[in-house]
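K.L.:
Pasting a predicted model and its sequence here:
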Amino acid sequence: MSAGSAPEATADGGGIGRRLGAEGRAALGVWGPSRLGMIVLAWIAAWLFATGTEPPGPWLARWDRWDAGIFVSIARDGYFGSGAEATHVAFFPGFPMAMWFVHLLVWNWTAAGLLVSFVAGTIAVVALGKLAADERAGDEERAGAQGAANAVLFFALAPAAVFLTAGYSESLFAACAFPAWLAARRDRWVLAVLLAAGASTVRINGLFLAAAIAVEFLLAGAERRRWQQLPLLAVPLLPTLTYMAYLHRNTGDWFAWQHAQAVGWFRTFRDPESAWNETWRAAFGGTQEDHTAWVFQLELLAFVAGLALTVLLLTRRRWPEAVYVGLSLLALGTTTWFMSVPRAMLLWWPLWTMVGAWAVRRPAVKTLYVCCVAPIMVSVAVLFLSGQWAG
C-alpha cells in the first residue's frame with residue numbers, strides 16, 4: 001500500500017463506509033443523535049411527572065406502555081398461553097418473535113423490545129437515506145447525501161417518532177419495507193419480495209407493500225424484469241395466510257385478528273364520511289377529555305397529509321407508491337374513527353424522501369419543519385412516556 005492511499009481510505013470510512021455510501025453515512029449521522037434525544041426525553045418525562053419526594057421508577061419503566069406491554073405478553077406467553085388475552089391476536093407475530101430471540105441474550109423484556117427497535121430503525125434509515133438520495137438523481141453526491149440527512153431528520157422528528165424507539169412494531173416494519181422498496185427499485189425482485197414477506201409478518205401493511213411492488217414489477221420495462229419472475233409476487237402473501245390459518249386452527253375464525261381489533265379497540269368497518277365525522281366529534285365535539293381530543297386532532301391532520309401525499313404521487317405518476325399510501329389510508333379511513341394514522345405516517349417513505357429533497361432545494365422547508373413539527377413530536381413522546389394515551 002502506498003503512503004498516499006491511507007488518507008483516502010480514512011476519508012472514505014473504510015469498507016463499511018464504502019458499502020453505506022455517502023447517503024448511508026449521512027443518514028446514520030442524524031439517526032444516532034436522535035436516539036440520544038429520545039433517551040433525554042424519557043429521563044425528562046420521568047421527573048416531570050414524579051409525585052411526592054420519591055424519585056421516579058426505573059428508566060425502562062418509561063417504555064413499558066400500552067402496546068409495548070402487549071408485545072411483551074405475546075413474546076413471553078404466546079397468543080393462547082397462560083395469561084394471554086383474546087384480543088392479543090390483533091397483533092401480528094413478527095415483532096414478538098424478534099423480541100423472543102433477542103430476549104435469549106437480554107435479561108429484560110422491555111429492553112429486548114427497545115433493542116429490536118433500535119437495530120431495526122438503524123437498518124431502516126440507511127435504506128431511507130438511499131431512497132432519498134435517489135430523489136436527487138443526476139445531482140452531485142453532496143446533494144444526495146444532504147437529501148438523505150434531511151429525510152432521516154424529518155423521519156426522526158415526525159409527530160409519532162417516539163414509537164420508532166419504543167417496543168412497537170413500526171421500526172421493524174420499516175426495516176423490512178424500506179429496503180424492500182429499495183431492492184425493487186434496483187430490480188432485485190427476489191430480495192424485494194422476501195423483505196416484503198418479512199414486513200407481512202409484522203403488520204397487515206405488508207400486503208400494501210406487496211401491492212406496490214407488484215405494480216412496480218408490472219410497470220417495469222423488459223430490461224428490468226422477466227415474466228418468469230411473476231410468481232414471486234405471491235411470496236409476501238404467505239406469512240399473512242399462515243397467520244390466518246394458525247388463528248383459524250386455534251379459534252375457528254379466519255379473521256380473528258380483525259375481530260379482535262373490533263373488540264379491543266372498537267375498530268369496525270365504516271364508510272369514510274362516518275369515520276371522518278366520528279373522528280371530528282372526538283377532536284372538537286367535546287366527547288373526549290383532557291389531551292385525548294388533541295390526539296384525535298393530530299389524527300385528522302395526519303390523514304389530510306396522507307391524502308395530499310397520495311394526490312401528489314398520482315400527479316407525478318408514481319403509481320406504485322400511490323397504491324401503497326392509498327391502501328394504507330383506505331384501511332385507516334374506513335374504521336369507526338381514525339386511529340394510529342400518525343404512526344402509519346412513519347411508514348410512508350415517499351413522504352420523507354420527497355420532503356427531504358425539497359428541503360435541499362428550499363432550505364427554509366427544513367427550518368419550518370423543525371420549528372413546527374418537533375414540538376408536536378416532543379408532546380406525543382412526553383404523553384407516551386408518562387403513561388398517557390398517545391395513539
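P.N.:
Cool, got the structure.

K.L.:
residue boundaries of the helices in the stretch 101-250 of the chain?
P.N.:
For the stretch 101-250 of the chain, the helices defined by DSSP state H, counting those that start in this stretch cover 109-135, 141-156, 162-165, 170-185, 189-202, 205-219, 237-251.

K.L.:
Among the ones you listed, which one carries the weakest average confidence?
P.N.:
Among the helices of the stretch 101-250 of the chain, helix 141-156 carries the lowest mean pLDDT, at a mean of 90.

K.L.:
list the buried ones in that one?
P.N.:
Across helix 141-156, burial judged by 16 or more other CB atoms under 10 Å covers 143-156. Heads up, the C-betas are built off the backbone N, CA and C, glycines and all.

K.L.:
Same list, the residues you listed, but as JSON lines with distance to residue 123 please.
P.N.:
Shown next, in JSON lines, are these (distance: CB to CB, whole Å):
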{"residue": "143", "distance to residue 123": "24"}
{"residue": "144", "distance to residue 123": "19"}
{"residue": "145", "distance to residue 123": "18"}
{"residue": "146", "distance to residue 123": "21"}
{"residue": "147", "distance to residue 123": "19"}
{"residue": "148", "distance to residue 123": "14"}
{"residue": "149", "distance to residue 123": "17"}
{"residue": "150", "distance to residue 123": "19"}
{"residue": "151", "distance to residue 123": "15"}
{"residue": "152", "distance to residue 123": "12"}
{"residue": "153", "distance to residue 123": "18"}
{"residue": "154", "distance to residue 123": "18"}
{"residue": "155", "distance to residue 123": "13"}
{"residue": "156", "distance to residue 123": "14"}
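
K.L.:
Taking these, tell me the two that lie furthest apart.
P.N.:
Using CB to CB, those span at most 20.4 Å, a distance reached by 143 and 156.

K.L.:
for this structure, longest helix please?
P.N.:
When the chain is parsed with DSSP state H, its longest helix is helix 14-48.

K.L.:
elements contacting the helix or strand following it?
P.N.:
Remark: after helix 14-48, the chain's next helix or strand is helix 67-77, criterion DSSP states H and E. With contacts taken as 3 or more CB pairs under 8 Å, 6 or more residues apart in numbering; DSSP states H and E, helix 67-77 sits against helix 94-103, helix 109-135.

K.L.:
Where does pLDDT dip in this structure?
P.N.:
In the predicted model of the chain, residues 1-17, 51-54, 137-142 satisfy pLDDT under 70.

K.L.:
follow-up on the earlier one: tell me which of the helices and strands packed on helix 67-77 sits most buried.
P.N.:
The highest mean neighbour count among these, using mean count of other CB atoms under 10 Å, belongs to helix 109-135: a mean of 24.
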